[in-house]
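Enquirer: quick one, what's the 3D model for this:
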Amino acid sequence: MSGGNLSGIGRVGQATYEWERWFEQLVQQGRAMVGLINGRRYWIAAERAELFEILFPDVRYEPALATGVGTSARDEVVLKTVTGWMSHLGPTTASDLGQLLGLAATEIEQALLRIEMSGAILRGKFVGAGRIGPAELVPSASDRTGNCAEINTEWCDRRLLARIHRLTVATLRKQIEPVTAAQFMRWLMRWQHVTPGTQVAGERGTLEILTQLQGFEIPANAWERQVLARRVGNYDPKNLDQLCLMGSVGWGRLSPHPATLEDTAAGKRRVIPTSVAPITFFVRAEAEWMLPHESMAEPGTARNLSDSAQDVLRFLKERGASFFPDIVRETGKLKSEVETGLWELVAAGVVTADGFDNLRSLIDPKRRMGMGNGKIARPRHSAGRWALLHTSQLTDRARAVEATCWMLLKRYGVVFRDLMARETNLPKWRELQIAFRRLEDRGEIRGGRFVSGFLGEQFALPAAVESLRATRRMPPTGETVVLSAADPLNLVGILVPGERVPAISGRTVAFRDGVAEVADVAAVS
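Expert: Purely as a prediction, here's the structure:
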């Protein structure tokens, strides 16, 4: 018996030398012996001697032992031997186990497949994947044809694999020392490209920022001037228009308007068009996080709208996406009435448009008056079409919640409950927590304590963990970063100490090395 082998059969290796004195006691008591096969020495439990002879008929024992001929079939003996070793050996391959036991890899492989059919072991790539877990499992024997096992396929006992996985996760959670809230805030400004020198550029950079900030609602008039322009060097509005017109990016209000949250049958509350209506962007290829929600486009909910807005809404529901001149002509309304109706529908979260310039034409007073910055007037209306805003119709809520987790991880790098204080379009934290744990179990993200001073579980992207670890060693620079209070990084009173500053586009917040300073009431230029 070698190394605690439950089968009672084992080849003697270097690791067994420290057990020699214990083995000698078993030999003296007649409970064990040494088997010699082609120069190899095996430790064998006495009660397993007959089974060992079935595997190796030419065995010679020390001390000599007279045994009868075993009646068990060879494949059954191999099965028992492999079963005993797999219960404690950990991830291994058929060839490695065959070399350890001195048996052909094909015999080991057949035994492993039989054990797999019982559900006792799993196959996959555990050690080679750099983690211990079920993320790299390969199809079971019933799902494959021909040669079932791959050369480098690893096998492991199911219960042993679960124990190793739990220990691995626990070890990973302890590998990083938590940073302070100020250090994390300083790192987060670099992560979101607002720190000088970290800005992105061009159309691709604009898409990267929109991917990072999608789902976060900001006043419509603050998006370009106060948010995108801080993150994209030499920001050009044409890049945003191009992304929208190509269908890469969409925009609209996703949170319910206050007028829809109460019974307004008596007409006490209306949707008022305003340039500070909260809107967000969404990357269409990653829009699974947009959970379906009831909007004012549903039957019987349009009573909160003006007559003009109701007429425009009715037309868009019947005709679909339409250009501004078509809406004016078919509804019989004045241009100013259609503008007001569209603006009202945008504020209510009902409509969107092909391009972002459609929204600029409504919220820019000069555009509405047909004025420009100079003698040449800009077009009063954009060429894009207006259409109803439809959210994702994904019925698999677990999949949508998981997509929300990825969205938050891209935005913050490290996610925990307190950080979600300003988020408006999220499932309950309990749902997110379950999805985060599932991603951690698959080895796709990290869990642990990354930022000190906050209760509850924290989850992070592996790249964010390494980046955060490097930033912690950076000395303070004394540099001050001023942001709009409407910016997603206005986390004063949430992440870092200080009095909360309302998310109004005319206010600012300032940070020096991640520490909040007194806010300024001046508008951000």
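Enquirer: tally of neighbours for the residue lying closest to Tyr235 once chain neighbours are set aside?
Expert: Spatial nearest neighbour of Tyr235, excluding adjacent residues (CB to CB, 6 or more residues apart in numbering): Ala229 at 4.3 Å. C-betas here are computed from N, CA, C, even on glycine. Neighbour count of Ala229, defined by other CB atoms under 10 Å: 17.
Enquirer: likewise the one 3 residues further on?
Expert: Counted with other CB under 10 Å, the neighbours of Val232 add up to 23.
Enquirer: poorly predicted segments of this structure, please.
Expert: Where the chain drops to pLDDT under 70, the residues are 1-18, 63, 65-72, 128-151, 169-175, 260-268, 292-303, 365-381, 392-395, 518-525.
Enquirer: kindly recompute the last result at 50.
Expert: Residue ranges of the chain with pLDDT under 50: 1-7, 14, 129-149, 264, 296, 300, 374-378, 521-525.
Enquirer: mind giving me the domain ranges of it?
Expert: With domains defined by automatic domain parsing, the chain comprises 1-72, 75-174, 177-181+396-470.
Enquirer: and Tyr235, that's in a strand?
Expert: No: under DSSP: H, G, I helix; E, B strand; the rest coil, Tyr235 sits outside any strand and is assigned coil.
Enquirer: contacts only, for it.
Expert: Residues near Tyr235 by CB atoms under 8 Å, 6 or more residues apart in numbering: 206, 224, 228-229.
Enquirer: quick one: buried ones out of the residues you listed?
Expert: 206, 228-229 (16 or more other CB atoms under 10 Å).
Enquirer: is it possible to get TSV of the residues you listed that adds secondary structure?
Expert: Output for the buried ones among the contacts of Tyr235, formatted as TSV (three-state DSSP):
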residue	secondary structure
Thr206	helix
Leu228	helix
Ala229	helix
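Enquirer: helix or strand right after the helix or strand where Leu26 lies?
Expert: Under the criterion of DSSP states H and E, Leu26 resides in helix 20-28. In the C-terminal direction, the helix or strand that comes right after helix 20-28 (DSSP H and E) is strand 32-37.
Enquirer: for that following strand, buried residues please.
Expert: 32-35, 37.
Enquirer: which elements pack onto the helix holding Leu26?
Expert: Under the contact definition 3 or more CB pairs under 8 Å, 6 or more residues apart in numbering; DSSP states H and E, helix 20-28 sits against strand 32-37.
Enquirer: mind jotting down where the strands sit in the stretch 1-150 of the chain?
Expert: Ranges of strands in the stretch 1-150 of the chain, per DSSP state E, counting those that start in this stretch, are 9-11, 32-37, 40-45, 60-62, 92-93, 121-124.
Enquirer: cool, and the stretch 301-450 of the chain?
Expert: Secondary structure of the stretch 301-450 of the chain by DSSP E, counting those that start in this stretch: the strands cover 322-323, 351-353, 385-388, 414-415, 446-448.
Enquirer: so how far is Tyr412 from the residue nearest the centre of the chain?
Expert: Central residue of the chain (CA atoms, centre = their mean): Trp406, 3.1 Å from the mean position. Distance of Trp406 to Tyr412, computed by CB to CB, to the nearest Å: 12 Å.
Enquirer: now Ser87
Expert: 43 Å.
Enquirer: neighbour-wise, which of the two wins?
Expert: Taking neighbours as other CB under 10 Å, Ser87 and Tyr412 compare with Tyr412 leading, 25 against 17.
Enquirer: what sits closest to the more buried one if chain neighbours are left out?
Expert: For Tyr412, ignoring the flanking residues on the chain, the nearest one in space by CB to CB, 6+ apart is Leu419 at 5.9 Å.
Enquirer: what number of residues lie near that neighbour?
Expert: 20.
Enquirer: got the contact list for it?
Expert: For Leu419, the contacting residues are 412, 491, 494-495, by CB under 8 Å, 6+ apart.
Enquirer: among the residues you listed, name the buried ones.
Expert: 412, 491, 495.
Enquirer: wait, which of the domains of the chain is closest to Pro258?
Expert: Pro258 lies closest, by CB to CB, to one member of the domains of the chain: domain 177-181+396-470, at 12.2 Å.
Enquirer: what's the span of that closest one from first residue to last?
Expert: Start-to-end span of domain 177-181+396-470 (CA to CA, to the nearest Å) is 12 Å.
Enquirer: likewise for stretch 454-464?
Expert: The straight-line separation of the ends of stretch 454-464 (CA to CA) is 18 Å.
Enquirer: check stretch 89-106 too.
Expert: 19 Å.
Enquirer: neighbours of Gln29, how many?
Expert: By the measure other CB under 10 Å, the count of residues near Gln29 is 9.
Enquirer: go on, Lys238?
Expert: Lys238 has 11 neighbours, counted by other CB under 10 Å.
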